[in-house]
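Student: Quick one: sequence plus predicted model below, questions after.
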Amino acid sequence: MRHKIIGRKFGRTGAHRRAMFVNMSSSLIEHGIISTTLAKAKELQKIIEPIITVAKKGNNLFIYRRLLSIFRNNSMPVKKLLNIVSPACINRDGGYTRVIKNNYRYSDGAPMAFIEFVDRNIWNK
């Protein structure tokens, strides 16, 4: 039984899950909206919200390095997160992303969803 165990496993190892969500997070920051399965979108929402909260604390070296440790050596999502996304979310206390249900995937019938930033129209032009 999985009492009090939080998170979905998706049939992957822990390292594979972490890499998958880091890649999905950087794609979400780069494009503002991505399409994925509903379960992955809900899990990604739990991961990206605290990252944005950390980015809102300021644009200094400590925050930059902390975010760089999450996104490994890819500085593109970190710079966009610090310079564009976090200033757009500065007046929001939480709920930076939304999950919008979409159709079902043709191949296996998995429920699909879009995950996007709530203030995407402000900074993604």
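Tutor: Cool, got the structure. Residues are numbered from 1 along each chain as shown.
Student: mind listing the strands for this structure?
Tutor: Counting by DSSP state E, the chain has strands at residues 33-37, 97-104, 111-117.
Student: For the closest residue to S26 other than its chain neighbours, which residues are in contact?
Tutor: Excluding the flanking residues, the one nearest S26 by Cβ to Cβ, 6 or more residues apart in numbering is P77, at 4.1 Å. From N, CA and C alone the C-beta is placed, and that goes for glycine too. Taking Cβ atoms under 8 Å, 6 or more residues apart in numbering, we find P77 in contact with 25-26, 29-30, 71.
Student: Make a markdown table from those and add pLDDT and neighbour count to it.
Tutor: As requested, the contacts of P77 are exported to a markdown table (pLDDT from 0 to 100; neighbours: other Cβ atoms under 10 Å):
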| residue | pLDDT | neighbour count |
| --- | --- | --- |
| S25 | 95 | 20 |
| S26 | 93 | 19 |
| I29 | 93 | 23 |
| E30 | 91 | 14 |
| F71 | 91 | 18 |
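Student: of these, closest to M112?
Tutor: Minimum distance to M112 across these is 18.5 Å, recorded for S25 (Cβ to Cβ).
Student: Settle this for me: that closest one is touching I47, isn't it.
Tutor: Yes: applying Cβ atoms under 8 Å as the test, S25 and I47 come out as touching, 6.3 Å apart.
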